[in-house]
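[1] Sequence and predicted structure, then a few things I'm wondering about:
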Amino acid sequence: MGLGILDTIGLMGTVILAAPVALFGLDMFVSGNRLVGGGFLAIAVLMVAAEEYVTKPTDVAADAAQDVASSVVETDEEE
């Protein structure tokens with residue numbers, strides 16, 4: 001299933017915040033400080049992964065509302 005508009009905006013915000021961290025890590029990695037650079041690159045990847053895969057309290061409420069709505073409304077796929 002694709003991302004909704006709010007999910008896409010949230011992911012874009014996270015990427016905007018993770019990009020400077022990743023660029024700093026890449027700069028440190030290329031300049032020879034491999035441990036610190038790799039650490040910052042890992043932090044940037046974890047920032048984006050956490051936004052995508054960690055369940056937030058708002059996700060629980062949205063999933064519950066979607067379950068209730070899907071039990072009430074029949075779609076063409078179910079017919």
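    All right, it came through fine. Numbering: from 1, shown residues only.

[2] So residue 15 sits against residue 45, correct?
    No: in this structure, residue 15 is not within contact of residue 45 by C-beta atoms under 8 Å, at 11.2 Å. (Glycine included, C-beta is placed from N, CA and C.)

[3] which stretches of the chain form helices?
    5-30, 34-53, 57-72 (DSSP state H).

[4] Now tabulate the ones you listed in CSV and tack on mean neighbour count.
    Shown next, in CSV, are the helices of the chain (neighbours: other C-beta atoms under 10 Å):
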stretch, mean neighbour count
helix 5-30, 14
helix 34-53, 14
helix 57-72, 10
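
[5] Show me the shaky parts of the chain.
    Along the chain, segments meeting pLDDT under 70 span 1-3, 58-59, 62-63, 69-70, 73-79.

[6] again, only this time at 80
    In the predicted model, the chain carries pLDDT under 80 at residues 1-6, 54-79.

[7] Can you name the residues that contact residue 50?
    The contact partners of residue 50, taken as C-beta atoms under 8 Å, 6 or more residues apart in numbering, number zero.

[8] for residue 6, same thing?
    Residue 6 makes no contacts at all, as judged by C-beta under 8 Å, 6+ apart.

[9] And residue 45, by the same measure?
    The neighbours of residue 45, taking C-beta under 8 Å, 6+ apart as the test, are 18, 22.
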